[in-house]
Every structure is written in C-alpha cells, then in structure tokens.
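**Q** pasted the sequence and its predicted model underneath.
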Number of protein chains: 2
Amino acid sequence: MSSHPFDTALTLTPDFDTAPDQFLGHTSPAWWNMVGPFGGVTAAIALNAVMTHPSRLGDPVALTVNYTSALTPGPFKVVATPVQTNRSTQHWVLALRQTDANGVDVVALTGTAITGLRRDTWSASDLPCPEVPRPDSLPRNAAPGGKLAWFARYDMRSITGPLPSKWDGGAASADPQQASLTQLWIRDEPPRPLDFTSLVAMADGFFPRVWLRRALLVPAGTVSLTVYFHAGPEQLAESGTGFLLAQARGQGYRNGFFDQAGQLWNAAGSLLATTHQLVYYKE
Amino acid sequence: MSSHPFDTALTLTPDFDTAPDQFLGHTSPAWWNMVGPFGGVTAAIALNAVMTHPSRLGDPVALTVNYTSALTPGPFKVVATPVQTNRSTQHWVLALRQTDANGVDVVALTGTAITGLRRDTWSASDLPCPEVPRPDSLPRNAAPGGKLAWFARYDMRSITGPLPSKWDGGAASADPQQASLTQLWIRDEPPRPLDFTSLVAMADGFFPRVWLRRALLVPAGTVSLTVYFHAGPEQLAESGTGFLLAQARGQGYRNGFFDQAGQLWNAAGSLLATTHQLVYYKE
C-alpha cells in the first residue's frame, strides 16, 4: 500500500454487507482547505469508488460532482451505484455522506459518472497546447500562510494570472479574454504517476477566478465540478510523474455564481481533460 | 394550459402517492430525433420536474444530465429528489425511467441539479457577445429531410459553421480554433417566452461538432450535458420571445468521445448560459 498522501486520502474499504455499493473512508488532515478538505480530493474520492467497484466497465469518460455541504473531520460513506450498463458505456450515481454531531445523515456530495470501453477512432484536438515556459525555468509558488495544508501537496508553478499580490480591487485587464486567465504547471508533491483520480484532483487546482478578476478576497467556493476525460491509459503513461499544464478562464459572473472553463495537457502536449465548474461567491 | 409543443412535451403530473418526488410524463412525437426524442427536450423535462416540485428553493444555477439509454415512445417517470437543502442552495438528484416491452425498468437519464436564492452582487462577463449579423438579415435554415421532427420546433439561422453541404471528409479549417465553430440564432417556433427549461433545450441545439470538423456523417450522440445558468428572471424577461445567439466549439476528440463548449446570449447581448457536453461518436 502506497503511503503517498493522495493514496492515503483515497483509501476506501468496501462495506457492501451493510449497504449495496457502499465504501467507507476517512477525511485526511493533509488535504485540509479553508472549510473542509480540498474539493479536488473529495471529487477524486468519489471517482475512486467507481474505480475500485468490482462491476466497473471501462475507463472514466465523464464525472460531475456537486458539493452539497462541507465535510467535517472524521469517517464518511461513499456510495457509487452502476444504475445502467450498456454494451460499451456504464452510468454511475454517486453520493458521499457523513453523520453529523446530532446523529443526522448529511449529504456532502452528489454526482454522476460515466465509464466506457474506448475504441480506436479518428482523434484530434481543437485546443492546441499553449506555448509557455517549461516548468524547470520557473520557480515553485510559495505556499500561502495559514491552515491551507493542501497547497503543500502540489508543486505549482505560475505562468500567467497568479494569485494577486495586492488585494486592492484594481486588477482586471482591459481584455476580458485575458482578465481571468490562469496558466500554471502542476504535479503531485512528492511526485506520483498520474491516474484518473489525480487528474480529477488537479482539475480543481485553480483558485477562484473572481479573486483574480477583482483582486478582492471575497468568500467563494465550488458548488459543481465537471471533468471530461480525453486521456486513456496511453496518455496517463506518457504523463508519468511529470508536470501538467493547467489553464482556466472565467466565463460569466452574476448574482452570486460564476463559472470557469479549464483544460489540462501533459508536458508532451496531449490534451488530457477539459473541466468546468460553477463557483459561489459573495459581494 | 398552453398548447405550445414545448409545453406539451414538458407536461408532468405529480405521482407522489406512488413514490416520493415522482412525476409522470409521456414522450411527444413532435420532438422526435433519429433515435428517441431530441436530447434538449429530455433535459428540459428533467429540469421541469425540479421547477414544478413544491419544495423547490430558488432558481436553477446548474444542471447535468446523462443520457443512459434511448427513450421509446410512451409514458415515463421522472424522479426529482431534493437531497440536501441549505440556507441558500438546494441539491437535486434526477432520474427518468421507462418500463420496457419485457416489463423491465430502464433508466433513460441520470442527473443532478442545483437551485439557489440569488443575491444582487458584482456581476460581469468574460465572454462578450460576438458581433454577428442580426437574425432578420439571415434566412431561416432549411429543414433536413427525413424523420427529424424536432428541427421544425425551432427557427434556426446559421451565421458560422452550418451543417456541411457536402459529406466529403474535406472540411476542417486550418485554424483549429475555428474548425469546429458554429454560431447561429435560435428561437422556439412558434415563438414562446424564454424560461429556464427552454434555455436548457436550446443549449443542446447544436449538431455534433465531429460532423462539422470532418464533413463526415458518423454516428454520434450526446452522453452528458451540463448547463450553468447566468440568467435570472430579469434576463429571461429581457429575452422574451426573441432569438438567442448560440455558439459552440469542439475541444478534444479521442477514441470515441468528444466534448464541446457552448454559450448562449440574448439579442441584447446578455450571457444567459454556458453549456458543455460530451458526445459519443464512431469511426
């Protein structure tokens, strides 16, 4: 059993005798964010229930998770149910639950996933990998202070659109296409061979676009995250323990919610995943 | 009761005495596509169960639906369950089921939705509305032949990237950013005031990007659709019965699945929704 902090966080024990398709897990302090664990690792845990389920057909092609309430430190249950299995695709319904201090069952995550048998077909990308400086020419981002344990789990190297150094409300470039653009290199720290679950976690590795757009540290948190997988086993192997190039841009911001679109490529330039999320914000 | 074909298709009858959160509906021949109904109307039906549920809190902010098996003509059940209600957001789990000819329960759709109370906040868009010819200067697209009833339910006017006129495998522009771009004006036919459900249906109004990209009519079908709502009641009212500008671009295509990113603005230039989908294709 790997002692990598990512594998520790993803450890699930089948509990099928208690309830069908149910796994038991435990939150991991190494991944703590401001309120609850880093959402990327929670999404990865939900996907890991699919990956370790004995009935799984094929590899992940799509995942959507919704963060319904903050996880508290302690045990949780994940249920991953294959509700419909076709010839080459399989549809999953996901839920993560905790029992609160009053003994009440709280839903912490809802979601769906699709796995599939992939066939060799015509393939292409309309999102060519941006030409950017290589990671070894860039310094590792300094960890922000405070309790954000999860930052130390990644080696991140900003290229464009880093976390603002001044929270003076004066950011926003004149070009709306660039005003909320972040590009960074990211890999697990310590390095770990890329798999579908770690790809999901890194797809959530961006700070909220509204912070960059406004240079204001307003309260914000992801409510829904979708990942589409363009990587198969071949592209994962090609990625190895190397850096991924991650890019995100804000889209619309209105009355308490904004969304972003993101992409992840490996160092060889292969598009591994596209990702979108809806984020709650205040003010 | 409206006799508009969209309202007919969305008609649901609460069946809470039989099962909690369950509604009964019936497929509508006016919306038939190649195999089963137009996916946009099926997604709208799932959202309509949320919209008509007596426990609903607020307006839709996110919707994800997965098409698990083709609907057959006849009755169906929709279950929309509010699994977690917070102070300002509510999380829904969605399913659409049919009983097949052998009496077996088939899941036709899985999904999740989030509704929320929206507060007046700082708002902006990083996706300015493209400058394009107005709809009254463009001809209405001719309906393709055959059985595609749903095409007659919309007035669509192509601006960029129409359905290829020759299926000769020779399309694809040299610029990957443009090769799979479609822009069109779209409104209900006959006109109908925009609401959240019709916005969802129009978010699925694009033909598969792989057809445009390759000029080849390969088998293709949406497997997962996500819509993020930037419109509130004010933007819906501003849109009225007018045309929406709909834009979509392909992203990655690999081994049987591609994804697209799309946006919808009203004629006044307000961003109403962003949308993403994963599509299965052959060859």
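**A** Thanks, I have it. Not measured: the values here are computed from a predicted model.
**Q** next up, the contacts around residue A:16.
**A** residue A:22 (CB atoms under 8 Å, 6 or more residues apart in numbering or on different chains). For glycine as for every other residue, the C-beta is placed from the backbone atoms N, C-alpha and C.
**Q** can you classify it as helix, strand or coil?
**A** Assigned by DSSP: H, G, I helix; E, B strand; the rest coil, the conformation of residue A:16 is coil.
**Q** what pLDDT does the model give it?
**A** We have a pLDDT of 98 for residue A:16.
**Q** number of residues surrounding the closest residue to residue A:219 other than its chain neighbours?
**A** Nearest non-adjacent residue to residue A:219, counting by CB to CB, 6 or more residues apart in numbering or on different chains: residue A:282, 4.4 Å away. The burial count assigned to residue A:282 is 12, neighbours taken as other CB atoms under 10 Å in any protein chain shown.
**Q** wait, residue A:282 touches residue B:121, no?
**A** Yes. Residue A:282 lies in contact with residue B:121 (CB atoms under 8 Å); the separation is 6.9 Å.
**Q** what about the worst-scoring helix or strand of chain A on mean pLDDT, distance to the chain center?
**A** Least confident helix or strand, chain A: helix A:176-179 with a mean of 78, by mean pLDDT, DSSP states H and E. Taking CA atoms, centre = their mean, to the nearest Å, the mean C-alpha location of helix A:176-179 is offset from the chain mean by 23 Å.
**Q** and that helix, is it in reach of chain B?
**A** Yes. Using CB under 8 Å from any CB of the partner chain, helix A:176-179 comes into contact with chain B via A:176, A:177, A:179.
**Q** mind putting the residues you listed into TSV with neighbour count?
**A** Shown next, in TSV, are these (neighbours: other CB atoms under 10 Å in any protein chain shown):
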residue	neighbour count
A:176	16
A:177	11
A:179	19
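**Q** let me know the closest of those residues to chain B.
**A** Distance to chain B across the residues of helix A:176-179 next to chain B (CB to the nearest CB) is lowest for residue A:176, with 4.7 Å.
**Q** for the closest one, give me its contacts.
**A** Residue A:176 neighbours (CB under 8 Å, 6+ apart): B:124, B:125, B:126, B:127, B:128.
**Q** could I get the full set of helices for chain A?
**A** Assigned by DSSP state H, the helices in chain A fall at A:5-10, A:39-52, A:176-179, A:196-203, A:209-214, A:233-239.
**Q** make a markdown table out of the contacts of residue A:176 and add pLDDT.
**A** Output for the contacts of residue A:176, formatted as a markdown table (pLDDT from 0 to 100):
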| residue | pLDDT |
| --- | --- |
| B:124 | 95 |
| B:125 | 95 |
| B:126 | 95 |
| B:127 | 95 |
| B:128 | 94 |
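**Q** just put those in CSV and tack on distance to residue A:221.
**A** Below are the contacts of residue A:176 laid out as CSV (distance: CB to CB, whole Å):
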residue, distance to residue A:221
B:124, 19
B:125, 21
B:126, 20
B:127, 22
B:128, 27
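**Q** got a markdown table for those residues, with distance to residue B:58 and neighbour count too?
**A** Formatted as a markdown table, these follow (distance: CB to CB, whole Å; neighbours: other CB atoms under 10 Å in any protein chain shown):
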| residue | distance to residue B:58 | neighbour count |
| --- | --- | --- |
| B:124 | 21 | 17 |
| B:125 | 21 | 19 |
| B:126 | 24 | 24 |
| B:127 | 24 | 19 |
| B:128 | 28 | 11 |
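**Q** out of these, who's near chain A?
**A** Applying CB under 8 Å from any CB to the contacts of residue A:176, those adjacent to chain A are B:124, B:125, B:126, B:127, B:128.
**Q** and stretch A:71-84, average pLDDT?
**A** Across stretch A:71-84, the average pLDDT comes to 97.
**Q** quick check: residues of the stretch 151-283 of chain A near chain B?
**A** Within the stretch 151-283 of chain A, the positions lying close to chain B (CB under 8 Å from any CB) are A:176-177, A:179-180, A:213-214, A:223-224, A:226, A:228, A:230, A:232, A:249-257, A:259, A:261, A:263, A:271, A:274, A:276, A:278, A:280-283.
**Q** ok, of those, which come out buried?
**A** For those, a neighbour count by 16 or more other CB atoms under 10 Å in any protein chain shown gives the buried set as A:176, A:179-180, A:213-214, A:223-224, A:226, A:228, A:230, A:232, A:249-257, A:259, A:261, A:263, A:271, A:274, A:276, A:278, A:280-281.
**Q** overlap in contacts, residue A:282 and residue B:121.
**A** With CB under 8 Å, 6+ apart as the test, residue A:282 and residue B:121 both reach residue A:256.
**Q** now the stretch 101-250 of chain A, which segments are flagged as low pLDDT?
**A** By pLDDT under 70, the low-scoring segments of the stretch 101-250 of chain A are A:145-146, A:171-174.
**Q** in it, which spans are strands?
**A** A:105-116, A:124-125, A:154-160, A:182-188, A:220-229, A:244-254 (DSSP state E, counting those that start in this stretch).
**Q** the first one pairs with which strands?
**A** Using DSSP bridges, the neighbouring strands of strand A:105-116 in the sheet come out as strand A:59-67 (antiparallel), strand A:89-99 (antiparallel).
**Q** for those, give me a markdown table that also has mean pLDDT.
**A** Shown next, in a markdown table, are these (pLDDT from 0 to 100):
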| stretch | mean pLDDT |
| --- | --- |
| strand A:59-67 | 98 |
| strand A:89-99 | 97 |
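**Q** point out the most buried one among the ones you listed.
**A** Among those, strand A:59-67 has the highest mean neighbour count (mean count of other CB atoms under 10 Å in any protein chain shown), at a mean of 27.
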